[in-house]
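[1] please find the sequence and the predicted model below.
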Amino acid sequence: MTPSYNIASIPGDGIGPEVVSAAIQVVEKLAKKLGTFQIEFTHIPWGTTYYKQTGRYISEDALDTLRKFDAGIFGAVGAPDVPDHISLWGLLLAIRGPLQLYANVRPVRTFPGTKCPLNTATEGIDWMLVRENSEGEYAGQGGRSHVGQQWEAATEVAIFTRVGIERIMRFAFETAQSRPRKLLTVVTKSNSMRHGMVLWDEIATAVAKDFPDVTWDKMLVDAMTVRMVAKPQSIDTIVGTNLHMDILSDLAAALAGSIGVAPSSNLDPTRKNPSLFEPVHGSAFDITGKGIANPVATFWSAAEMLKWIGEKDAAEKLMTCVENVCAADVLTPDLGGTSNTQGVVDAVFAEIEKIN
Ligand code: NAI
Ligand code: MG
């Protein structure tokens, strides 16, 4: 019997529905062509329209709803007339934390059709970024006192736990170990942050002992920005905190050529909960509805999803099709091309047809 998968589709806001719809069409086409697996997408309407109707970004039983699926694909959340902290906490952070999707994995490499803007990186970039996805500054601790007074105070407390650090370090060392260079950089800030970041360093050192074949080093986050620009070839796998990697991963995407191709996976490596796959970019109001959003980041995210649920061969075939399309210069305007979203979809369809 061919394996069959049920996927939650949460297109969200802005260009989210445009790129998720593109990815679903492509994956369905691929499944039909290969005939080796079946896949069904169930639409879930969470996002800003849902919020305006119900007062909530996700349904009350959202976590139980999601647990019924093998995985989820997500577009983006955020609207011009809702403060970003309301939309982000209402949807994405309301799922990542409770489902313990603690590893955010972001492969970054120069893609056909994209170019590293740095002259130093003649061979392009090929990195694997691992972001701690459940704690740090994004754990939700803090508050505001004396609101509106001149002496108003606000705190944003970073949380680092032994369990949280150890599990992401193990995941990062395993990831580095699985890649040819077996090279890991642990990003830290333990010079000025002398509690949480020192625990982070201590646990990295302890976990490293279990991975003698992985070469690793430690780098302060500010120095890491310099290294990413000045010596991109010295880097392979990177692990860092939620905040540090949020920033470094955008830098990485820009160095690799474009945010329009950057994918990400929110993983529960224990596989108790379904993992969620999404492009790195946001809802991009400036181009919403114009039909020119680059779907490649979501195609790549869908390929990562296929790999995670056990369809590695299909994932690789999909990536080959997408790379062929980009190499043939069927590119959206963010990459300097003249194609639109549907044009890229049609070109990928044609590549899928050629698979034998
Ligand atoms: P953004 O990623 O939405 O857009 C930044 C720039 O990149 C824009 O000029 C946009 O047109 C362009 N861009 C992004 N994706 C593209 C694509 N697929 N094809 C072509 N061009 C693309 O980031 P921004 O403007 O900071 O945020 C807009 C909204 O998205 C905000 O409400 C923000 O909170 C939200 N956001 C949501 C995220 C998520 O849901 N994971 C992540 C980042 C931002
Ligand atoms: Mg970000």
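    Yes, it's here. Ligands and ions are numbered 1, 2, ... in the order given.

[2] use CA for all of it now, contacts and neighbours both
    Noted.

[3] output the below-cut-off pLDDT ranges for the stretch 101-250 of the chain.
    119-123 (pLDDT under 70).

[4] hey, where'd the strands end up in it?
    Ranges of strands in the stretch 101-250 of the chain, per DSSP state E, counting those that start in this stretch, are 103-109, 126-132, 136-145, 153-159, 183-188, 215-220, 237-240.

[5] can you tell which of those strands is closest to Gly196?
    Among the strands of the stretch 101-250 of the chain, strand 153-159 comes nearest to Gly196, with 7.2 Å by Cα to Cα.

[6] which parts of the closest one are buried?
    Within strand 153-159, the residues that qualify as buried are Ala158, counting by 16 or more other Cα atoms under 10 Å.

[7] same question for stretch 18-30.
    Using 16+ other Cα under 10 Å as the test for burial, stretch 18-30 gives Glu18, Val19, Val20, Ser21, Ala22, Ala23, Ile24, Val26, Val27, Lys29, Leu30.

[8] what is the burial count for Phe37?
    By other Cα atoms under 10 Å, 16 other residues sit near Phe37.

[9] wait, isn't it in contact with Asn6?
    No - at 11.3 Å, Phe37 does not count as touching Asn6 under the criterion of Cα atoms under 8 Å.

[10] just say which of the strands of the stretch 101-250 of the chain is most tucked in.
    Mean neighbours per residue, mean count of other Cα atoms under 10 Å, is largest over the strands of the stretch 101-250 of the chain for strand 237-240, with a mean of 27.

[11] and the most centrally placed residue in the chain, what element?
    Among the residues of the chain, the one closest to the centroid is Ser264, at 1.9 Å (Cα atoms, centre = their mean). Using DSSP states H and E, the element containing Ser264 is strand 263-267.

[12] just the angle for the helix or strand following that strand relative to strand 103-109, thanks.
    Where DSSP H and E defines the elements, the next helix or strand beyond strand 263-267 is strand 275-279. Strand 275-279 and strand 103-109 are oriented at 40 degrees to each other (axes from the mean of the first three to the mean of the last three Cα atoms, to 10 degrees).

[13] what's strand 275-279 packed up against?
    Judged by 3 or more Cα pairs under 8 Å, 6 or more residues apart in numbering; DSSP states H and E, strand 275-279 is in contact with strand 71-76, strand 263-267, helix 296-309.

[14] and that strand, what's its mean pLDDT?
    The average pLDDT for strand 275-279 rounds to 97.

[15] residues of it that come out buried?
    Judged by neighbour count (16+ other Cα under 10 Å), strand 275-279 contains these buried residues: Ser275, Leu276, Phe277, Glu278, Pro279.
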